[in-house]
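1. Here is a sequence with its predicted model. Questions after.
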Amino acid sequence: MSKIIIVILTTLVLQVNAQQSTDMVLPSSPAFSILNYEPSVVMKPTSNKDLGADILNSFDEQGKLLMNIGLDVSPYWLKSRPTLTREQYLNPGVGQCFIQSLNISAATVKDSITNQNKLGAGIRFKLVNGRPLPEYLKAEKELNTQLNISNIIGGAIAQVGTAIQTRLAAINFIVSNLTALNYSTNLIEQLQQAATARAENFDDSPGGIRNFLTDLNSTVIDSNGALVEKVAHLNKKRTGLIIEIAAATGFNSSSKKSFERGGIWLNASNYFTPSDAWTITARYLFANKDSGINNFDIGFSYIKELNKINIAVEGAFRWYNASIPDINSNNQPITRTEKDFTYRLSAQGSYRIFADVSFNISVGKDFNAPFISSNGFFSVFGFNYSLFRKPAVNLAPAPATN
Amino acid sequence: MALTYVEIEDRYKCITQTQPLITEVIIGDAQNGAYLIFLDQELKGINKTANLGNASNVKNKRTIISATVVDTLDETNWVSITVNIKEGSNTTVYGPYSKEASNNLDTVCFIIKILNSADSGTRSIKTKRR
């Protein structure tokens, strides 16, 4: 029994290692990343009112900033943008891309060892965001075709009490407009049958006709569910060049020497297809604590996603400069400095056994750390199992509607 | 995936007798949606600008815009539409009519009814003139 437990624990440890990649990817919340801390409470306001309330709630009764909280906000989306069309959003210029992707994060944390308060602030934005997938544009067109069925029903609702005085007149209005819009005979007949059946639950009063039409419309909208999820899912996938930048700084509010560390990330990806991309990432990190460490990393990766197999190769090069207070052989205080170049090369693969279970393997050589001598080679493997995984979006083509 | 309705009634007073009324609908907040434009019961436009004819064609008829918008963006739950009626060099803006969906992937149906009149109107919405 104990051997089984050891094997399980070993597998869990290896699972973590096998899925570690270089930490050169852009952090989703740079302020949290620079503090190496994920706050237990993260406020994500979606309106100016929420933002104001969240800022007020960040202070205690004495007006002191609360610790161990985070703020993650996209300023552009704090209010409605009625003039921003889908087309402008999907194919933005550099300026529009910047403002619609700008994300600001902030975090506070109390260091449990030193009992010092630390603050982090960061931004992240895109300058270029590729272009939508052809599959997305096709799905969007299919969805719009579906939505126009609702629009015909909406047109009928607008006529209730004037041109439409009975449920039959409402059904005839819907059928004649579906025909005018060249929907398939099959779809029209199905909708007509469903409408006729549902109409029996209502009367011919204006309220009854309206309720009948809203009930019918709810059925139509519900039938769009899979297609809506597909559009929302594909909306996040892009092809082409994507350029993203992030920056963050960390402060120690309990110390006069308040600045502690900073970082800048630059990421350029080119998705040839949604499953086939190269990425170049550059990162500059600098720290100004008891020991000063400056890192400049530049790395590349290539990712290929197949049906069940994902393959990634990575290479990253690091130039570092570390200064640490030390004592020499005469017991005198000195600053020991080490400058060097190191690199990381790795290949990672995963094989999906079931929907929620995959086997992962990573081999390669890790960075050498300052003041530590090791060859840095690693070879790790593990299993990944996702509990409570959200069901995959059905990407099967929607039934033809017209 | 809840469904809500936004229904608006308004008026439009024709400015000229000869210029055609061009009705344009803008779906904002970068959301996905589709719309139809009716003149009373007659379908005049499908997801694009519609020419409703001149004052004599539209007098005492209602321009009906039926638009269905789905909140497919993670960034916002706002959905909105704006209706522009262009008559020659004059543009009258209706809206923007905005609604914040309760949840992502919710649907909002906008039904905008605009009564066209050749008489003096009492509409207070700002008219943008170019």
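-> Cool, the structure landed.

2. Give me the most central residue, chain B.
-> Chain B has B:Val83 as the residue nearest its centroid, 3.5 Å off, counting by C-alpha atoms, centre = their mean.

3. residues in contact with that one?
-> Contacts for B:Val83 (C-beta atoms under 8 Å, 6 or more residues apart in numbering or on different chains) come out as B:Thr23, B:Glu24, B:Val25, B:Ile26, B:Ile65, B:Val93, B:Tyr94, B:Gly95, B:Ile112, B:Ile114. C-beta here means a position set from N, CA and C on the backbone, and glycine is covered the same way.

4. Look up the closest residue to it, ignoring the ones flanking it.
-> Spatial nearest neighbour of B:Val83, chain neighbours left out: B:Tyr94 (4.1 Å); criterion: C-beta to C-beta, 6 or more residues apart in numbering or on different chains.

5. Confirm that neighbour sits in a strand?
-> Yes. Applying DSSP: H, G, I helix; E, B strand; the rest coil, one finds B:Tyr94 inside a strand.

6. From chain A, how far off is it?
-> 12 Å (C-beta to the nearest C-beta, to the nearest Å).

7. Pairing partners for the residue nearest to the centre of chain B in the sheet, please.
-> B:Val25, B:Tyr94 (DSSP bridges).

8. which residues in chain B form strands?
-> In chain B, the strands defined using DSSP state E lie at B:3-13, B:21-28, B:32-39, B:42-46, B:50-51, B:62-70, B:78-87, B:90-100, B:107-117, B:127-129.

9. just checking, what packs against the shortest one?
-> Judged by 3 or more C-beta pairs under 8 Å, 6 or more residues apart in numbering or on different chains; DSSP states H and E, the packing partners of strand B:50-51 are strand B:21-28.

10. ok, the residue nearest to the centre of chain B to chain A distance?
-> From B:Val83 to chain A the distance is 11 Å (C-beta to the nearest C-beta).

11. again, but for B:Val93
-> Distance, B:Val93 to chain A, using C-beta to the nearest C-beta: 11 Å.

12. Compute the number of surrounding residues for that residue.
-> When neighbours are defined as other C-beta atoms under 10 Å in any protein chain shown, B:Val93 has 15 of them.

13. I figured it was touching B:Ile81, is that so?
-> No. Applying C-beta atoms under 8 Å as the test, B:Val93 and B:Ile81 come out as separate, 11.5 Å apart.

14. what pLDDT, on average, does the strand or helix carrying A:Gly120 get?
-> Assigned by DSSP states H and E, A:Gly120 belongs to strand A:117-132. Average pLDDT, strand A:117-132: 93.

15. The helix or strand following it: which residues count as buried?
-> Once strand A:117-132 ends, the next helix or strand along the chain (criterion: DSSP H and E) is helix A:134-159. Within helix A:134-159, the residues that count as buried by 16 or more other C-beta atoms under 10 Å in any protein chain shown are A:136, A:139-140, A:142-159.

16. Output the strands of chain B in a markdown table, with mean pLDDT appended to each entry.
-> A markdown table is the format used below for those (pLDDT from 0 to 100):
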| stretch | mean pLDDT |
| --- | --- |
| strand B:3-13 | 95 |
| strand B:21-28 | 96 |
| strand B:32-39 | 97 |
| strand B:42-46 | 96 |
| strand B:50-51 | 96 |
| strand B:62-70 | 97 |
| strand B:78-87 | 96 |
| strand B:90-100 | 94 |
| strand B:107-117 | 96 |
| strand B:127-129 | 40 |
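
17. Between these, which one is closest to A:Lys79.
-> Between A:Lys79 and the strands of chain B, the shortest gap by C-beta to C-beta is with strand B:78-87, which sits at 7.7 Å.

18. Report the angle between the closest one and strand B:21-28.
-> 160 degrees (axes from the mean of the first three to the mean of the last three C-alpha atoms, to 10 degrees).

19. Tell me the secondary structure at the residue lying closest to A:Ile353 once chain neighbours are set aside.
-> Distances taken as C-beta to C-beta, 6+ apart put A:Phe359 closest to A:Ile353, at 6.1 Å, once the chain neighbours are dropped. Classification of A:Phe359 using three-state DSSP returns strand.

20. dump the residue contacts of the closest residue to chain B within the stretch 151-300 of chain A.
-> Nearest residue of the stretch 151-300 of chain A to chain B: A:Gly154, at 3.4 Å (C-beta to the nearest C-beta). Listed by C-beta under 8 Å, 6+ apart, the contact set of A:Gly154 reads A:Asn217, B:Leu36, B:Ser66, B:Ala67, B:Thr68, B:Cys109, B:Phe110, B:Ile111.

21. how far away is the residue lying closest to B:Ile85 once chain neighbours are set aside from chain A?
-> Distances taken as C-beta to C-beta, 6+ apart place B:Thr92 nearest to B:Ile85, at 4.7 Å, with adjacent residues excluded. Computed as C-beta to the nearest C-beta, the B:Thr92 to chain A distance reads 16 Å.

22. Surely B:Thr92 touches B:Tyr12?
-> Yes. B:Thr92 lies in contact with B:Tyr12 (C-beta under 8 Å); the separation is 6.4 Å.

23. shared neighbours, those two?
-> Common neighbours of B:Thr92 and B:Tyr12, counting by C-beta under 8 Å, 6+ apart, are B:Ile85.

24. picking up where we left off before, which of the strands of chain B is buried the deepest?
-> strand B:62-70 (a mean of 27; mean count of other C-beta atoms under 10 Å in any protein chain shown).

25. Sheet partners, orientation included, of it?
-> The pairing partners recorded for strand B:62-70 under DSSP bridges are strand B:32-39 (antiparallel), strand B:107-117 (antiparallel).

26. Dump the first one to PDB, keeping only the CA atoms.
-> Translated: strand B:32-39. Extracted in PDB, the C-alpha atoms of strand B:32-39 (Å, rounded to 0.1, in the frame of the first residue of the first chain):
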ATOM      1  CA  ASN B  32     -22.200  39.700 -32.700                       C
ATOM      2  CA  GLY B  33     -25.700  40.300 -34.000                       C
ATOM      3  CA  ALA B  34     -28.100  40.500 -37.000                       C
ATOM      4  CA  TYR B  35     -31.000  42.800 -37.800                       C
ATOM      5  CA  LEU B  36     -33.900  43.300 -40.200                       C
ATOM      6  CA  ILE B  37     -35.500  46.600 -41.200                       C
ATOM      7  CA  PHE B  38     -39.200  46.600 -42.000                       C
ATOM      8  CA  LEU B  39     -41.400  49.400 -43.300                       C
END
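
27. Quick one: distance of it to the chain centre.
-> 8 Å (C-alpha atoms, centre = their mean, to the nearest Å).

28. and that strand with strand B:42-46, angle?
-> Following the same axes, to 10 degrees, one obtains 150 degrees for the angle between strand B:32-39 and strand B:42-46.

29. and what of the longest one?
-> Our comparison of strand B:107-117 with strand B:42-46, counting by the same axes, to 10 degrees, yields an angle of 120 degrees.

30. which residues does B:Met20 contact?
-> Actually, residue B:20 is Pro. It isn't Met. B:Pro20 makes contact with B:Asn51, B:Leu52, B:Gly53, B:Asn54, B:Glu87, according to C-beta under 8 Å, 6+ apart.

31. cool, and A:Phe272?
-> Contacts for A:Phe272 (C-beta under 8 Å, 6+ apart) come out as A:Thr239.

32. repeat for the one 5 residues further on
-> Taking C-beta under 8 Å, 6+ apart, we find A:Ala277 in contact with A:Ser269, A:Asn270, A:Tyr271, A:Tyr302, A:Ile303.

33. contacting residues around the third one?
-> Residues in contact with A:Tyr271, defined by C-beta under 8 Å, 6+ apart, are A:Gly130, A:Arg238, A:Thr239, A:Gly240, A:Ile242, A:Ala277.

34. And the helix or strand encompassing the fifth one, what does it pack against?
-> What it means is A:Ile242. A:Ile242 is part of strand A:238-252, with elements assigned from DSSP H and E. The contact analysis (3+ C-beta pairs under 8 Å, 6+ apart) places strand A:238-252 against helix A:30-35, strand A:117-132, strand A:259-273.
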